[in-house]
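how does the following fold in three dimensions:
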Amino acid sequence: SDYFNQVRKVSETKTGDELGLFPSLSGDFFTYADRDDHYWSGYFTTRPFWKNLDRVLEGYLRAGEIFFSMAWAEMEYIGSDKTELASKCMANLVEARKSLSLFQHHDGITGTAKDHVVLDYGEKMLNSINLLQEVISHSSNFLLTKSKANFKPNLQTTYFDLDDTRSAAWSVPSKTVIQVDHPDMPNRV
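Numbers count the residues shown, from 1 in each chain. Now for the predicted structure:
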């Protein structure tokens, strides 16, 4: 406190005001709003639902890349690329990377994009999650197949249901319940 008292004393001696040497800003310091209550308050506080969807997409993308790279390595090992399967999985991975990078652009991840733009980002991210679930399903099926050299991919078949489904981009995911030993339903993994 002695230091600040001395600084104020020097300022008053030189300017006649104890705060004269210390210019300060004044005015409105609240977050910027372009209309009504639409505040541009930044990364940590805006649109947390969409940021969560971004993290879910990142998780699926990483899982899809791992499963596909393992399947690709197996294809190389047996000497057959399974071109149809590989092309479809690679196209899905590329599409998901594009959607993720689009949302992580400055106005998506910060939450400053307009509502209709965020909804479009959400649709793209949900579509990418579905594509990545296909990659995981087809890659897993290939990896679990005993005779990989004779494997014939059927890309219209869903081999494994993943436990995370969403009816729309803005909906909360629902978990799939698996019935085991139910007499009226076939067992399905």
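
is Gln156 in a helix, a strand, or coil?
Under the three-state scheme (DSSP: H, G, I helix; E, B strand; the rest coil), Gln156 adopts coil.

okay, stretch 119-131 in CSV with CA atoms only?
As requested, C-alpha coordinates have been extracted for stretch 119-131 and formatted as CSV (Å, rounded to 0.1, in the frame of the first residue of the first chain):
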residue,chain,number,x,y,z
LEU,A,119,-28.9,-25.5,-37.5
ASP,A,120,-27.2,-26.3,-40.8
TYR,A,121,-24.0,-27.1,-39.0
GLY,A,122,-26.0,-29.4,-36.7
GLU,A,123,-27.6,-31.2,-39.6
LYS,A,124,-24.1,-31.7,-41.2
MET,A,125,-22.7,-33.0,-38.0
LEU,A,126,-25.5,-35.4,-37.4
ASN,A,127,-25.2,-36.7,-40.9
SER,A,128,-21.5,-37.2,-40.3
ILE,A,129,-22.1,-39.1,-37.1
ASN,A,130,-24.4,-41.5,-39.0
LEU,A,131,-21.8,-41.9,-41.8
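
quick one, helices of the protein?
Under the criterion DSSP state H, the chain contains helices at 2-15, 48-78, 83-103, 106-109, 115-144.

looking at those helices, which is buried most?
Highest mean neighbour count among these (mean count of other CB atoms under 10 Å): helix 115-144, with a mean of 19. Quick note: C-beta positions are derived from backbone N, CA and C, even for glycine.

what pLDDT, on average, does that one get?
Model confidence over helix 115-144 averages 94 on the pLDDT scale.

what inclination does that helix have with respect to helix 48-78?
Direction vectors for helix 115-144 and helix 48-78, defined by axes from the mean of the first three to the mean of the last three CA atoms, to 10 degrees, enclose an angle of 30 degrees.

in a markdown table: the helices of the chain, plus distance to Gln156.
Output for those, formatted as a markdown table (distance: least, CB to CB, whole Å):
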| stretch | distance to Gln156 |
| --- | --- |
| helix 2-15 | 75 |
| helix 48-78 | 18 |
| helix 83-103 | 11 |
| helix 106-109 | 32 |
| helix 115-144 | 10 |
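
where among the ones you listed is the average confidence lowest?
Of all the helices of the chain, the minimum mean pLDDT falls on helix 106-109 (a mean of 79).

elements contacting it?
Where contact means 3 or more CB pairs under 8 Å, 6 or more residues apart in numbering; DSSP states H and E, helix 106-109 is packed against helix 48-78, helix 115-144.

quick one: it to chain centroid distance?
If you compare the mean C-alpha spot of helix 106-109 with that of the full chain, they lie 12 Å apart, counting by CA atoms, centre = their mean, to the nearest Å.

same check, this time on stretch 88-101
The gap between the average C-alpha position of stretch 88-101 and the chain average comes to 12 Å, counting by CA atoms, centre = their mean.

Phe151: which of the helices and strands packed on helix 106-109 is closest?
Within the helices and strands packed on helix 106-109, the stretch nearest Phe151 is helix 115-144; the backing value is 6.1 Å (CB to CB).
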